[in-house]
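*Asks:* Sharing a sequence plus its predicted fold:
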Amino acid sequence: PPKPAYGRSASTGAEGPSAASRLTAAGPGGEPLDWSKLVIGKMLGRGASGYVRRALLGSQELAVKRIAISDDERRKQTFNEIAALVGCGAHVGAANLVTCYGVRYIDGNIEIAMEYMDLGSLGDRLSTHGPLPEQALAAVLAQILAALRHLHKEMHAV
């Protein structure tokens with residue numbers, strides 16, 4: 001996978017990938033993601049280090065996750081790890097993996113454009129329905145293991 005070069009960001013002056021090394025993986029139709037065409041919508045959720053918003057790219061729904069990491073070294077490492085996975089491109093449409101269409105560094109944050117999954121999070125499910133029965137938990141874990149196996153054996157990413 002391509003390795004993004006980390007340099008000065010022209011827009012913020014903060015450490016970030018240089019404009020030439022901003023990495024985008026193949027988006028819908030195999031073209032690089034044009035971030036300017038995303039129409040950002042409502043907030044889907046918030047976590048300790050960022051939030052996720054719904055977005056539209058034409059008629060396709062995406063989710064855009066923004067991650068705020070204050071430590072510069074940790075931000076560089078996180079960006080490089082995400083960019084390497086997105087840069088592989090081979091996982092677009094792979095079973096058990098959310099498709100990532102692009103990653104960028106903007107305003108001191110990392111943003112990831114990914115496939116929108118409309119069933120909510122595992123946390124939402126647990127809040128609403130309580131603990132998972134053993135069979136459901138086994139199915140979730142089997143899907144996670146299948147995704148990790150794909151990332152390791154097919155993409156050599158983990």
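*Replies:* Structure received.
*Asks:* The chain: strands as residue ranges?
*Replies:* Here the chain has its strands, by DSSP state E, at 6-8, 15-17, 39-47, 50-57, 60-68, 100-106, 109-115.
*Asks:* Tell me which of those strands lies nearest to Ala138.
*Replies:* strand 109-115 (24.3 Å; C-beta to C-beta). No exception for glycine: its C-beta is placed from N, CA and C like everyone else's.
*Asks:* Sheet partners, orientation included, of the closest one?
*Replies:* strand 60-68 (antiparallel), strand 100-106 (antiparallel) (DSSP bridges).
*Asks:* Grab the most central residue of the protein for me.
*Replies:* Geometric centre of the chain, nearest residue: Ile112, 4.1 Å, by C-alpha atoms, centre = their mean.
*Asks:* Which parts of this structure are helices?
*Replies:* Using DSSP state H, the helices of the chain run over 72-88, 122-129, 134-149.
*Asks:* where are the low-confidence patches of the protein?
*Replies:* 1-31, 85-94 (pLDDT under 70).
*Asks:* what do you get if the cut-off is 90, keeping everything else the same?
*Replies:* 1-34, 45, 47-49, 69-110, 115, 117-125, 146-158 (pLDDT under 90).
*Asks:* What distance do you get for Leu57 to Phe79?
*Replies:* Using C-beta to C-beta, to the nearest Å, we find Leu57 at a distance of 22 Å from Phe79.
*Asks:* more neighbours, the two?
*Replies:* Neighbours per residue, other C-beta atoms under 10 Å: of Leu57 and Phe79, the larger number sits with Phe79, 23 against 17.
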